[in-house]
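Peer 1: pasting the structure only:
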């Protein structure tokens, strides 16, 4: 479980998050709200990328910002809304995270085949379209098999076909893991365990859904 307790975050004097208390267990969870509502900031705080001004974040009961506890962050992966692409081949980009963590990469071929990337593996990923870059960044995260996967606007650059395939895979992945998505889109509303609505850095509403798996 990821849990935020009394999270406050600010840039300079501007409050971005205001005493956020929320938790996310196994399943698929959406964070929604207008631009500037605090969605991305909350995701980065939960991922350990931005230290809150006040409050704590717990992963499986461990305070991730307490000195000596940073190893717990190996369980969580955050995928930026603007893909981070290396000046390397498509294949090297996809396996990068798994190689750093010394993970078995033998089953990565399944993802390559599923998303039909066999013919572009040797191409420099920087030469690809925005949609392909976004797909590569998502697949790179999935190869690490994180217990907690946080995606920031993951569908904005994908064409309809790839979007549907990514959605299908993420839904299946969330059956055994925690997936948190910041998004404007309605694509996953019916599949989400919870939908949290932010505005002006505050939780305005949270919808819980009972799903039949």
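Peer 2: Alright, I've got the coordinates. In this text the structure is predicted, and so the values were computed from the model without any measurement.

Peer 1: How far does stretch 37-57 stretch from one end to the other?
Peer 2: Stretch 37-57 has an end-to-end distance of 19 Å (Cα to Cα, to the nearest Å).

Peer 1: any idea which residue sits dead centre in this protein?
Peer 2: residue 150 (1.8 Å; Cα atoms, centre = their mean).

Peer 1: So that residue belongs to a strand, correct?
Peer 2: Yes. Per DSSP: H, G, I helix; E, B strand; the rest coil, residue 150 lies within a strand segment.

Peer 1: need the contact list for it.
Peer 2: For residue 150, the contact set (Cβ atoms under 8 Å, 6 or more residues apart in numbering) comprises 43, 46, 47, 76, 77, 78, 79, 179, 180, 181, 182. Yep, even glycine has a C-beta here, placed from its N, CA and C like the rest.

Peer 1: Report how many residues lie close to residue 84.
Peer 2: 12 (other Cβ atoms under 10 Å).

Peer 1: and the gap between it and residue 60?
Peer 2: Residue 84 sits 26 Å away from residue 60, taking Cβ to Cβ, to the nearest Å as the criterion.

Peer 1: Would you list the phi and psi of residue 197?
Peer 2: The phi and psi values for residue 197, taken as degrees, to the nearest 10, are phi -110, psi 120.

Peer 1: these two touch, right, it and residue 206?
Peer 2: Yes. Look at residue 197 against residue 206 with Cβ atoms under 8 Å: they come within range, at 7.2 Å.

Peer 1: So those two - more neighbours on which side?
Peer 2: residue 197 (17 against 13).

Peer 1: That one bridge partners, please.
Peer 2: Beta-bridge pairing of residue 197 under DSSP bridges involves residue 32, residue 205.

Peer 1: For it, give me its contacts.
Peer 2: Applying Cβ under 8 Å, 6+ apart to residue 197 gives the contacts 32, 33, 203, 204, 205, 206, 207.
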